[in-house]
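Enquirer: what shape does this take:
(one chain, ligands or ions: 1)
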Amino acid sequence: MRGRPGAANLMGMTTVTATGGQEPHTAVGRRAHPDKSPRVANRAPHPGPAEVSSFDTVSHYFDVAADRLGVPDDLRSVIWTAYREVQVQIPVRMRDSGIHVFSGYRVQHNGARGPFKGGIRYHEGVNLDEVRALAALMTWKTAILDVPFGGAKGGVNCPARDLGQDELQMITRSFVDRLAGILGPTRDIPAPDAGTNAQVMAWIMDEYAKLHGDAPAVVTGKPISLGGSPGREAATGRGVVYAYREAARSLGLHPDSTRVVIQGFGNVGSWVARIVAQLGCKLTGVSNTSGAIHAPAGIDPEALVRHLADGGKLVEYPDAEPIPAAELLALECEVLIPAALGGTIHSGNADSIRARLVIEGANNPTTPTGDAILNDNGILVVPDVVANAGGVVVSYFEWVQNLQHLRWEEHEVNNKLGASMRGAYREVEQRASRDSGVPLRVAAYELAIERVLEATRVRGFGGYA
Ligand code: NAD
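Expert: Model prediction:
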């Protein structure tokens, strides 16, 4: 990877802890700020087999676009460094053992275009490097979709899958207590991400209300009964399918002859599977943490959702063959959708991918080397900052409804989501073809950087305070 022209300025960035201490930010490219807190599980974090960290990946994509735009080093530092990074201690008394101390993070990356916005992830592998990378992605995503938010991300390094509801609730309430001063409907608005869901958002809303009074717009992705928006749960998956429709148009793919393989079958993956099947595509391979399955004749996503809801394991699904998880990405198909965690398409496996189209439902699933291999092999990649933006678009709709004390119908939400996704995709596509066919990712980052720079310039470089 090339050096960063603006890297020298990044060296001075500081990490501010909730207790007010300041720790030096180490050089870009190294795992900054090692997390020394005890972990609940003996499992090591799961950085995956990717050859670079999440933050290096996002830095690389940013640099490529900023170089092409000729952004000067000083401006580059202003829009690349994070506005605020917070790490907090979350001690929790566990059901079957003593007190465990988790680490919680919130990175507010850039607020030039509006209040900070971004999900909260619960996963044992969460660390500051990853949260920082995901926060930056949110800045570019909200700019590309032109929703009036900045970018943020949060997470707790807890093994969400293994925890009870009582433990998750305690973790969530402690996390909110420690962040309460920097959250708010006009400051920073969390949402669900991997390992969190509408119930976690409900606890966030309730804990915030205890401290500041009722304010449903402080968080999105809430249950409908607490002011959540119709259509929000499926929004990221639905947005991925809108991206598929646009990309399929340019590749001449028809749903009836489209085989889809999905890595990850949580919120995003399972909704993509259900909605893409309604279009007529055939789901031929799926994986989750329990393993992978393959069925050339097609897997019924609704039946698979029911199987999992009844407590079955994915690999025990009766109408498909279990395959080694590593083989999933290499299945012959037209569309591959990574919808799990970051760094899953990398130098070691990108060359085995046989899809015509990769749509990044997950955040940061492809390393720079993996991306270069896909591009060299003529595979069209719809980048995360476009493909999975449906979630933040409908989060914006939820926020608007909360502020206006209104509720929209689901079809209205879905139609507006479709218009936003189509508009953003076509804008990025036109820019890519205007710039002699650069990859969609480069065009998307260029668009985002221009918008954030413009907002920063007219605001006067102070950013959001
Ligand atoms: P989730 O926790 O609901 O589901 C994650 C799924 O990935 C699970 O099925 C899990 O078993 C599977 N998984 C994890 N590691 C895996 C691996 N190594 N191989 C195969 N499967 C694996 O999370 P989600 O909300 O669906 O988020 C998935 C991705 O989409 C994340 O990268 C997230 O940042 C991104 N995303 C989510 C949203 C949202 O609204 N939820 C919005 C934008 C982007």
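
Enquirer: close to the ligand, is stretch 410-423?
Expert: No: against the ligand, stretch 410-423 shows no contacts by Cβ under 6 Å from any ligand atom, the least distance being 12.3 Å. C-beta here means a position set from N, CA and C on the backbone, and glycine is covered the same way.

Enquirer: quick one: average pLDDT of that stretch?
Expert: For stretch 410-423, mean pLDDT is 98.

Enquirer: for it, buried residues please.
Expert: 413, 414, 416, 417, 418, 420, 421 (16 or more other Cβ atoms under 10 Å).

Enquirer: give the contact list for residue 391.
Expert: 119, 191, 192, 221, 232, 235, 236, 239, 268 (Cβ atoms under 8 Å, 6 or more residues apart in numbering).

Enquirer: tell me the phi and psi of the spatially most central residue of the chain?
Expert: Closest residue to the average C-alpha location of the chain: residue 363 at 3.9 Å, with Cα atoms, centre = their mean. Main-chain torsions, residue 363, degrees, to the nearest 10: phi -90, psi 130.

Enquirer: what about the helices in the stretch 251-400 of the chain?
Expert: With DSSP state H, counting those that start in this stretch applied, the stretch 251-400 of the chain shows helices at 267-279, 301-309, 368-376, 384-387, 390-404, listed in chain order.

Enquirer: who does the next helix or strand after the last one touch, helix- and strand-wise?
Expert: Following helix 390-404 in sequence order, the next helix or strand is helix 410-434 (DSSP states H and E). Contacts of helix 410-434 with other secondary structure elements, assessed using 3 or more Cβ pairs under 8 Å, 6 or more residues apart in numbering; DSSP states H and E, are made with helix 128-144, helix 232-251, helix 384-387, helix 390-404, helix 440-459.

Enquirer: what does helix 410-434 contact?
Expert: The contact list for helix 410-434 (Cβ under 8 Å, 6+ apart) reads 144-147, 229-232, 235, 238-239, 242-243, 246-247, 250, 382, 386, 389-390, 393-394, 397, 438-440, 442-444, 446-447.

Enquirer: just give the nearest non-adjacent residue to the closest residue to the ligand within the stretch 251-400 of the chain, would you?
Expert: Taking Cβ to the nearest ligand atom as the measure, the stretch 251-400 of the chain has residue 266 as its residue closest to the ligand, at 1.7 Å. The shortest distance from residue 266 to any residue other than its chain neighbours is 6.7 Å, reached at residue 194 (Cβ to Cβ, 6 or more residues apart in numbering).

Enquirer: from the ligand, how far off is that neighbour?
Expert: The gap separating residue 194 from the ligand is 4 Å, by Cβ to the nearest ligand atom, to the nearest Å.

Enquirer: any idea whether that residue is helix, strand or coil?
Expert: Per DSSP: H, G, I helix; E, B strand; the rest coil, the local secondary structure of residue 194 is coil.

Enquirer: that one: neighbour count?
Expert: Using other Cβ atoms under 10 Å, residue 194 is surrounded by 24 other residues.

Enquirer: ok, now which ones touch residue 388?
Expert: 141, 236, 239, 240, 268, 360, 361, 362, 363.

Enquirer: also residue 135?
Expert: Contacts of residue 135 by Cβ under 8 Å, 6+ apart are 82, 107, 108, 109, 118, 151, 152, 153.

Enquirer: would you turn the residues you listed into JSON lines with neighbour count, pLDDT and distance to the ligand?
Expert: As requested, the contacts of residue 135 are exported to JSON lines (neighbours: other Cβ atoms under 10 Å; pLDDT from 0 to 100; distance: Cβ to the nearest ligand atom, whole Å):
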{"residue": "82", "neighbour count": "22", "pLDDT": "97", "distance to the ligand": "18"}
{"residue": "107", "neighbour count": "27", "pLDDT": "98", "distance to the ligand": "14"}
{"residue": "108", "neighbour count": "28", "pLDDT": "98", "distance to the ligand": "17"}
{"residue": "109", "neighbour count": "29", "pLDDT": "98", "distance to the ligand": "15"}
{"residue": "118", "neighbour count": "32", "pLDDT": "98", "distance to the ligand": "9"}
{"residue": "151", "neighbour count": "30", "pLDDT": "98", "distance to the ligand": "12"}
{"residue": "152", "neighbour count": "34", "pLDDT": "98", "distance to the ligand": "13"}
{"residue": "153", "neighbour count": "31", "pLDDT": "98", "distance to the ligand": "9"}
